[in-house]
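Novice: sequence below, structure please.
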Amino acid sequence: MRWPGRPGAAGHWTEQPGSGGPQVPAAPAWMRWLPVFYIAGILVLEPLTPVQWPVSFLLIALPVITAFAYGPVAVGAITAFTIVFEGILAGTPCCAGRPVSYVWERHYVTAYVCTALVGILGTILAAHRVRRERTLATVRFVAEIAQRVLLGPVPHRVGPIQVEALYLSAAAEARIGGDLYEAVPTTYGLRLVIGDVRGKGLLAVETAATLLGAFREAAHDEPDLAAVARRVETSMNRRSARLAGSDMGERFVTAVFAEIPHRHLVRIVNCGHPPPLLIRPDGVTELETADPAPPLNLGMLLTQAYQIDEYPFRPGDQLLLYTDGVTEARDSAGAFYPLPQRVLSWGPLPPRELLDRLHHDLLVYSNNRLHDDTAALAVYHMPD
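Specialist: Just a heads-up that it's a prediction; the model follows:
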């Protein structure tokens, strides 16, 4: 399919730096200010209520409210402040609406004791929350490191070709999944792969690692793109045979292999994967193949050699490879994400800006509810 477009110019971009270490996310601003608002509300209600309604007793809950956003030291300090503040309210007739002081009245003494007990529980709660948050931050950091090892940085410039990558994990707590990509400069030109492993979890990551390891070797050794795909398929089959006792044999990978040789064309081998988009100043084209191969690890279904499709790839053209996490994103009405139409409406963009725009648009379209991992590669042929 093809949609008419409009011309535009490419621009420049900068690489976004990664995190330097585990970082515990700060609590939302409203949660940090909640203890202040709570105290202010009690100060407003206290002089307005009858003597029989000692609203200051509500301060007992203040340590627990503080524990949701602050650490144990802060909770302990708030507990001491709360007990003192309760005594001030009880002993200030003009502010509490009482003719006499009630500082040591038994109900207020009971309130002091209860506040201290709640403060102890709040301190324990805050310590547990901080420990869990640090553990979660460490897990996310390790997952990010594993993701970088698995999907190392792509070469941003290979001759006249510029490459940028995008990866989004549907699991916010562990930013690693079964989507994969790679770009390898070789003597045969720039070779790329993007794929999507069936399933989730550790086995999916192991499958992705197997595929990427095979591709990185075959990309340098095999002179033909179809031979690269066949060698990767062989590696996948060998791993399945070694893990016959698990469900590894049922796991397969949809993938697209691409090759940009040292002239103005691109070769594509599609193994059951969504077709890439070829973005030109005059339109957007889906590079569908007439005879796609089955997904990797299902090579026994292939009765003939892998089909290689060739397309012109001239200066100013851009190739967008993506996984089905993009096209299967849904809006509130359940409609799938219309990728070609969206890309067309944006006009020509440089690779980094294109992927950033795609990232933002996917989150807006799905109302921040991506249900599948997402990966994308943008490959731009710079003008001569």
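Novice: going forward, measure contacts and count neighbours with C-alpha atoms only.
Specialist: Noted.
Novice: pLDDT on stretch 314-328, on average?
Specialist: Stretch 314-328 shows a mean pLDDT of 93 in the predicted model.
Novice: chain center to that stretch: distance?
Specialist: Centre-to-centre, stretch 314-328 and its host chain are 19 Å apart (C-alpha atoms, centre = their mean, to the nearest Å).
Novice: what residues does that stretch touch?
Specialist: With contacts defined as C-alpha atoms under 8 Å, 6 or more residues apart in numbering, stretch 314-328 is touched by 179, 194-196, 256, 264-265, 273-281, 336-339, 351, 362, 370-384.
Novice: filter those residues down to just the ones in helices.
Specialist: Judged by DSSP state H, the subset of those located in helices is 339, 351, 362.
Novice: can you pick the most crowded of those?
Specialist: residue 351 (25 neighbours; other C-alpha atoms under 10 Å).
Novice: so it sits against residue 378, correct?
Specialist: Yes. With contact defined as C-alpha atoms under 8 Å, residue 351 reaches residue 378; the gap is 5.3 Å.
Novice: quick check: neighbours shared by those two?
Specialist: 163, 164, 318.
Novice: and the strands in this protein?
Specialist: Secondary structure of the chain (DSSP state E): strands at 2-4, 157-158, 161-168, 179-186, 189-197, 253-260, 265-271, 277-280, 283-286, 309-312, 318-322, 374-381.
Novice: packing partners for the third one?
Specialist: It stands for strand 161-168. Strand 161-168 sits against helix 351-365, strand 374-381, with contacts defined as 3 or more C-alpha pairs under 8 Å, 6 or more residues apart in numbering; DSSP states H and E.
Novice: make CSV from those and add distance to residue 58 to it.
Specialist: Below are the helices and strands packed on strand 161-168 laid out as CSV (distance: least, C-alpha to C-alpha, whole Å):
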stretch, distance to residue 58
helix 351-365, 41
strand 374-381, 48
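Novice: gap between residue 132 and residue 112?
Specialist: 30 Å (C-alpha to C-alpha, to the nearest Å).
Novice: and of the ones in helices among the contacts of stretch 314-328, the nearest to residue 308?
Specialist: Checking the ones in helices among the contacts of stretch 314-328 against residue 308 by C-alpha to C-alpha gives residue 339 as the nearest, at 24.1 Å.
Novice: burial measure for the nearest residue in space to that closest one that is not next to it in sequence, as a count.
Specialist: In space, and not counting its chain neighbours, residue 339 is closest to residue 327: 6.3 Å by C-alpha to C-alpha, 6 or more residues apart in numbering. Neighbour count of residue 327, defined by other C-alpha under 10 Å: 17.
Novice: can you check residue 202 too?
Specialist: Neighbours of residue 202 (other C-alpha under 10 Å): 12.
Novice: gap between it and residue 168?
Specialist: Residue 202 is 17 Å from residue 168, by C-alpha to C-alpha.
Novice: do the same with residue 352
Specialist: 15 Å.
Novice: more neighbours, the two?
Specialist: residue 352 (23 against 19).
Novice: that one against residue 164, yeah?
Specialist: Yes. Counting by C-alpha under 8 Å, residue 352 touches residue 164, with 5.9 Å between them.
Novice: need the residues touching each of the two.
Specialist: Joint contacts of residue 352 and residue 164 (C-alpha under 8 Å, 6+ apart) are residue 378.
Novice: show me the contacts for residue 189.
Specialist: So residue 189 contacts 259, 260, 261, 262 (C-alpha under 8 Å, 6+ apart).
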